[in-house]
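> A predicted structure for the sequence below; I have some questions about it.
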Amino acid sequence: MSNPDLIAVMGDASTAQLRAKILECFENRISYQIWAWTEERLPMEVLCSGAGYYIGTLCPETGGPNTRDSVEYFRTEEQAREALTNGHFTFRLNP
């Protein structure tokens with residue numbers, strides 16, 4: 001079941017709760033993916049891969065990449081930092 005299908009099935013109260021959780025994560029720049037599964041509050045930051053720069057989290061145990069929270073990849077680190085700072089990126093809800 002895709003995320004839009006899940007939201008449609010959940011109904012108004014659950015949808016409002018989900019939107020509130022997503023908004024809280026977005027405003028505090030924490031990963032919704034991690035918070036939804038573990039309730040940990042890991043900060044999003046700019047990371048780099050072969051595909052470009054993206055917004056994600058690092059694993060606390062290994063220090064390696066953990067999640068990719070932006071749908072987009074950015075051409076430069078500066079573009080990714082600006083997107084994170086201004087909230088101008090598409091927030092991934094699922095890993």
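Received it, and whenever you're ready, just let me know what you need. Residues are numbered from 1 along each chain as shown.

> so what touches the strand ranked longest in the chain?
Across the chain, the longest stretch assigned as strand under DSSP state E is strand 52-58. Here strand 52-58 makes contact (C-beta atoms under 8 Å, 6 or more residues apart in numbering) with 31, 33-34, 42-48, 64-70, 72-77, 79-80, 83-84, 89. The C-beta positions use only the backbone N, C-alpha and C, and glycine is treated the same way.

> which of the residues you listed count as buried?
Among the contacts of strand 52-58, those buried by neighbour count (16 or more other C-beta atoms under 10 Å) are 31, 33-34, 42, 44, 46-47, 66-70, 72-74, 79-80, 83-84, 89.

> the residues you listed in strands, which ones?
Judged by DSSP E, the buried ones among the contacts of strand 52-58 include 46-47, 66-68 as members of strands.

> spatially central residue for the chain, please.
In the chain, the centroid-proximal residue (C-alpha atoms, centre = their mean) is D69; its distance is 3.1 Å.

> which regions of this protein sit below the pLDDT cut-off?
Residues of the chain that meet the criterion pLDDT under 70 lie in 1-13.
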